[in-house]
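In: model the following, please.
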Amino acid sequence: MARLTKNQKVALSKIEVNKAYSLQDASSLVKDITISKFDSSVDIDVRLGVDPRKANQMVRGIATLPHGTGKTVRVLVLCTPDKEQEAKDAGADFVGLDDYIAKIEGGWTDVDIIITMPSVMAKVGRLGRILGPRNLMPNPKSGTVTTEVGKAVTEVKGGKIDFKVDKTGIIHTSIGKVSFPAEKIYENALEVLQIISKLKPSAAKGTYFKSIHISSTMSPGIEIETKTVAGI
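Out: Sure thing, here's the model as predicted:
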């Protein structure tokens, strides 16, 4: 096991062993225990009582974080020529169709979100083997296949995220930066948790929220007492 640095020991000393914190306290504590010199992401990990191997227990959703992610989101819009200006006006970083499809087929994936239109999905669909493993494939359920490309760009630039449970039953997503005030971290986390609560599959039995942890890029995880989270 790797030896802890002095800073890591100090960070760990601020977390009480076997204690679950309120969401509000954890949102403040995660700032105190972050030792990285860069502006770390704040992440939330939610273990759910679902079996994601069963289609009727898959949990996938969209949240618009009240205070954004704090990240610069690079957006590619694959659309027909008549929609290009709408996408550019909304702030898309890259706009086009055949030229970018060829670029992606050549190995380029230097974007965070790809938005496209139903009418060009036949062309975009063949990129699935490249985009799928990178979680870049547009999907109607996440709002990235739409005729309203401008609106979609504005939403993702403004803090809209999509998430889904992985094969181990965990949802992992970023909810801000450690430079955010604690209240903004709290409100972003609460928004995500309340949406996950509303998405509980009817086929899921027993405890839905098994555990919730908040951490930053290089910090220990902080366990959340689920009873302290309003609306779940």
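In: helix, strand, or coil at the most centrally placed residue in the chain?
Out: The residue lying closest to the centre of the chain (CA atoms, centre = their mean) is residue 173, at 3.7 Å. Secondary structure, DSSP: H, G, I helix; E, B strand; the rest coil: residue 173 is strand.
In: got the contact list for residue 110?
Out: Contact partners of residue 110, counting by CB atoms under 8 Å, 6 or more residues apart in numbering, are residue 74. Heads up, the C-betas are built off the backbone N, CA and C, glycines and all.
In: quick one: it and residue 44, what's the gap?
Out: As judged by CB to CB, to the nearest Å, residue 110 and residue 44 stand 26 Å apart.
In: I'd guessed residue 115 sits against residue 149; true?
Out: Yes - the pair residue 115 and residue 149 qualifies as a contact (CB atoms under 8 Å) at a distance of 5.7 Å.
In: mind giving me the domain split of the protein?
Out: The chain is divided into the following domains under the TED database: 17-69+160-224, 75-157.
In: so which residues make contact with the helix ranked longest in the chain?
Out: Determined from DSSP state H, the single longest helix within the chain is helix 182-198. For helix 182-198, contacts defined as CB under 8 Å, 6+ apart pick out 23-24, 27-28, 30-31, 42, 44, 46, 48, 59, 61-67, 161, 163, 171, 173, 175-176, 180, 208-209, 212, 214, 229-232.
In: for it, what is the distance to the chain centroid?
Out: Distance, stretch centre to chain centre, for helix 182-198: 12 Å (CA atoms, centre = their mean, to the nearest Å).
In: what's the first helix or strand after that helix?
Out: The C-terminal neighbour of helix 182-198 among helices and strands, as given by DSSP states H and E, is strand 209-216.
In: partners of that following strand, with directions?
Out: Paired neighbours of strand 209-216 in the sheet (DSSP bridges): strand 41-48 (antiparallel), strand 222-223 (antiparallel).
In: show me the helices in this structure, by range?
Out: Counting by DSSP H, the chain has helices at residues 6-13, 23-32, 81-89, 98-105, 121-124, 128-131, 149-157, 182-198.
In: figure out which of the ones you listed is closest to residue 167.
Out: Closest approach to residue 167 among those is made by helix 182-198 (17.1 Å; CB to CB).
In: now that closest one: average pLDDT?
Out: In this model, helix 182-198 carries a mean pLDDT of 96.
In: could you give the angle of that helix to strand 41-48?
Out: Angle, helix 182-198 to strand 41-48, by axes from the mean of the first three to the mean of the last three CA atoms, to 10 degrees: 30 degrees.
In: and the longest helix of the chain, C-alpha only, in CSV?
Out: Written as CSV, here are the backbone C-alpha positions of helix 182-198 (Å, rounded to 0.1, in the frame of the first residue of the first chain):
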residue,chain,number,x,y,z
ALA,A,182,-20.1,25.3,-0.3
GLU,A,183,-23.7,26.4,-0.7
LYS,A,184,-23.4,26.0,-4.5
ILE,A,185,-21.8,22.5,-4.2
TYR,A,186,-24.7,21.6,-1.9
GLU,A,187,-27.4,22.9,-4.2
ASN,A,188,-25.9,21.2,-7.3
ALA,A,189,-25.6,17.9,-5.4
LEU,A,190,-29.2,18.2,-4.1
GLU,A,191,-30.5,18.7,-7.6
VAL,A,192,-28.8,15.5,-8.9
LEU,A,193,-30.0,13.4,-5.9
GLN,A,194,-33.6,14.6,-6.1
ILE,A,195,-33.7,13.8,-9.8
ILE,A,196,-32.2,10.3,-9.2
SER,A,197,-34.9,9.8,-6.5
LYS,A,198,-37.6,10.5,-9.1
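In: what comes up buried for it?
Out: Of all the residues in helix 182-198, those buried under the rule 16 or more other CB atoms under 10 Å are 182, 184-193, 195-196.
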